[in-house]
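structure for the following, please:
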Amino acid sequence: MFDTYTDVLNKTENDKSEFIRLLEEYIDFETIIPYRFYNAFYSGMGRKRIHSLESYVRALILQRLLGLEHISQLRTILSVCKELKDFCGFTTLPDAPQFSRFKQDFVYHINLMFDHLVEITAPICKEIDEKKSQYLIFDTTGIEPNVTENNDKFFNTKLKQAKSLSKNNPTYDPHKAVYGLLPDTARKAPAAKQQYINGHFCYAYKAGVVTDGLGIVRHIAFFDEDFRKNHPGVNTRKSDNPDLDKEIADSVALKPVLSDFFKAHPTLKFSTFLGDAAFDSYDNYSLLKNVFRFSRACIPLNARNSKASYDSFNEFGNPVCPLTGEQFTFLGNSGGKNRSLRCKWVCPKSVQKGNTRICTCDSPCTDSSYGKCVYTYPDKSFRDCPGIPRNTEHWDNLYKHRVLVERTINIFKDSFGLNNLKTRNVKTIKADLLLAGCTQLIGVILAKAIHKEKLYKSIRKIVALAS
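Predicted coordinates:
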């Protein structure tokens, strides 16, 4: 009987899924979970808990990893797969309401766990690519709850109403007018605000996501009531232009989101900020340079904020020839101990000849044989001179990294199952979003542990290779 028992035990251990073995070997959940989380979980009960904190965390990370949208799906898989059930450490499965109560009761501590993982993965990101780890990319998104207003029939009903009002007015645009007919909030979920996301109207809980230049999440800000109370300026008035409203809302959210991020991680330093044109405002540039100490801000100019060309500068803030309008050639940055940082530009007709330059223009605008030379000073106007010249190859290559934050958001929604949540509870959805961030960061730790740093972007790739 002893030999039989030994054979069965060895078979159970050896037949484990490779991925489960990797998690058990390289991921120490006891070090990932902060002490305050342990203290809050075990001090709130007058009796011993049936299920451990690690079991809940493992199960919920597994839910996001497998892209399961409902707790019922998770319970079904755990009930039929002893291997996963043993990995979670459950002897008996918690009911679905127990999982929901866990998320709602400990959403604050799940946020602490996420912040702790950010600190753990910061040196790993630096090892993967030190340069890209110094980029900070910000974008907003919306998590749509299960409410009637998110049904297509609801919007089509409002569109029919708008079209009926336009019968006697040929200049009336029903698609624009429907924006004014939509209620500001969902009836069953007042915290779900009416928004315009990715070209469609919906009711969603808005959140801000910050990543580095590798696409690894660094911060998640959920714009719930607590966030709005701490940062009342985030609330903006609704106009008749959904695109403009979204730009204003994103721009206003920049300061509170970055303030909370650097408050939670005071030791983390970043040199370059990347964002879309919604963040193009003078206040934001001053904020990025003087408060958050970014040396570069890669933000396209917004046409609504850009004035016509003035003096000898184009719409990108770069000097141009006063006669032909051709952009000057950028020669690099210069400066010293007693001189401010400045960017040097020369006439596009000026060519290098030996140790100097010669202007080859037929109608020069200056008597200098060198050609016209212009200096721009980043400290004078961070918007005009954001540390990197616009409309250059360097600018284009750097700005391409901004898409990484959108890819990360897409991973959270599609791969980690946040797209079709069957709940409208604010705390539950906030916890799910934070757990999605934790799942990605655990993937970074795992990729480092197994020396496959190229798989850092998504833990799902590690799952596929380990299966």
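
what domains does the record give for this structure?
2-112+426-466, 128-304+400-415, 308-380 (automatic domain parsing).

and of those, who's closest to T121?
Closest to T121 of these is domain 2-112+426-466 (Cβ to Cβ; 4.7 Å). All C-beta atoms are positioned from the backbone trio N, CA, C, and that covers glycine.

helices or strands up against the helix or strand harbouring E406?
Per DSSP states H and E, E406 falls inside helix 403-410. With contacts taken as 3 or more Cβ pairs under 8 Å, 6 or more residues apart in numbering; DSSP states H and E, helix 403-410 sits against strand 135-143, strand 200-212.

how about a markdown table for the domains of the chain, with distance to P386 and mean pLDDT added?
Formatted as a markdown table, the domains of the chain follow (distance: least, Cβ to Cβ, whole Å; pLDDT from 0 to 100):
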| stretch | distance to P386 | mean pLDDT |
| --- | --- | --- |
| domain 2-112+426-466 | 27 | 85 |
| domain 128-304+400-415 | 4 | 85 |
| domain 308-380 | 7 | 78 |
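
can you give me the helices in the stretch 351-467 of the chain?
393-399, 403-410, 426-449, 459-466 (DSSP state H, counting those that start in this stretch).

pick the most buried one from the ones you listed.
The highest average neighbour count among the helices of the stretch 351-467 of the chain, using mean count of other Cβ atoms under 10 Å, belongs to helix 426-449 at a mean of 23.

now do the strands in the stretch 201-350 of the chain.
217-222, 272-274, 296-298, 329-336, 339-346, 350-353 (DSSP state E, counting those that start in this stretch).

want to throw those into CSV with distance to N314?
CSV is the format used below for the strands of the stretch 201-350 of the chain (distance: least, Cβ to Cβ, whole Å):
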stretch, distance to N314
strand 217-222, 34
strand 272-274, 22
strand 296-298, 18
strand 329-336, 13
strand 339-346, 11
strand 350-353, 18
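
pick the most buried one from these.
strand 272-274 (a mean of 25).

S271 contacts C298, correct?
No - here S271 does not reach C298: they are 11.1 Å apart, not a contact under Cβ atoms under 8 Å.

one step back: out of the helices and strands packed on helix 403-410, which comes closest to K353?
Using Cβ to Cβ, the helices and strands packed on helix 403-410 put strand 135-143 closest to K353, at 37.9 Å.

give me the helices and strands touching whichever helix or strand comes after the closest one, please.
Moving toward the C-terminus from strand 135-143, the next helix or strand (DSSP H and E) is helix 152-165. Under the contact definition 3+ Cβ pairs under 8 Å, 6+ apart, helix 152-165 sits against helix 174-181.

now the angle from the helix it packs on to strand 200-212?
80 degrees (axes from the mean of the first three to the mean of the last three Cα atoms, to 10 degrees).

buried ones in helix 174-181?
Residues of helix 174-181 classed as buried by neighbour count (16 or more other Cβ atoms under 10 Å): P174, A177, V178, Y179.

then that helix to PDB, C-alphas only?
Extracted C-alpha coordinates of helix 174-181, given in PDB (Å, rounded to 0.1, in the frame of the first residue of the first chain):
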ATOM      1  CA  PRO A 174     -29.900  64.100 -35.600                       C
ATOM      2  CA  HIS A 175     -26.700  62.300 -34.800                       C
ATOM      3  CA  LYS A 176     -25.300  65.400 -33.000                       C
ATOM      4  CA  ALA A 177     -28.700  66.200 -31.400                       C
ATOM      5  CA  VAL A 178     -29.000  62.700 -29.900                       C
ATOM      6  CA  TYR A 179     -26.100  63.700 -27.600                       C
ATOM      7  CA  GLY A 180     -28.400  66.200 -25.900                       C
ATOM      8  CA  LEU A 181     -31.200  63.700 -25.500                       C
END
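
list the helices and strands it packs on?
Packed next to helix 174-181, using 3+ Cβ pairs under 8 Å, 6+ apart, are helix 152-165.

check the offset of the helix it packs on from the chain's centre.
In terms of Cα atoms, centre = their mean, to the nearest Å, the centre of helix 152-165 is found 33 Å from the chain centre.

orientation of that helix relative to strand 200-212 in degrees?
Using the same axes, to 10 degrees: helix 152-165 against strand 200-212 is 120 degrees.

with only the CA atoms kept, save helix 152-165 in PDB.
This file holds the C-alpha atoms of helix 152-165, laid out as PDB (Å, rounded to 0.1, in the frame of the first residue of the first chain):
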ATOM      1  CA  ASP A 152     -28.100  49.300 -28.700                       C
ATOM      2  CA  LYS A 153     -31.900  49.500 -28.700                       C
ATOM      3  CA  PHE A 154     -31.700  52.300 -26.100                       C
ATOM      4  CA  PHE A 155     -29.500  54.500 -28.300                       C
ATOM      5  CA  ASN A 156     -31.600  53.700 -31.500                       C
ATOM      6  CA  THR A 157     -34.700  54.900 -29.600                       C
ATOM      7  CA  LYS A 158     -33.100  58.200 -28.800                       C
ATOM      8  CA  LEU A 159     -31.900  58.500 -32.400                       C
ATOM      9  CA  LYS A 160     -35.500  58.100 -33.700                       C
ATOM     10  CA  GLN A 161     -36.600  60.800 -31.400                       C
ATOM     11  CA  ALA A 162     -33.900  63.100 -32.700                       C
ATOM     12  CA  LYS A 163     -34.800  62.300 -36.300                       C
ATOM     13  CA  SER A 164     -38.400  63.100 -35.700                       C
ATOM     14  CA  LEU A 165     -37.400  66.600 -34.500                       C
END
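
follow-up on the earlier one: need the domains of the chain in JSON lines with distance to P389, can you?
Formatted as JSON lines, those follow (distance: least, Cβ to Cβ, whole Å):
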{"stretch": "domain 2-112+426-466", "distance to P389": "30"}
{"stretch": "domain 128-304+400-415", "distance to P389": "11"}
{"stretch": "domain 308-380", "distance to P389": "5"}
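
re the thing from before, what's the closest of the strands of the stretch 201-350 of the chain to P256?
Comparing these by Cβ to Cβ, strand 217-222 comes nearest, at 7.4 Å.

sheet partners, orientation included, of that closest one?
Sheet pairing of strand 217-222 (DSSP bridges) gives strand 200-212 (antiparallel).
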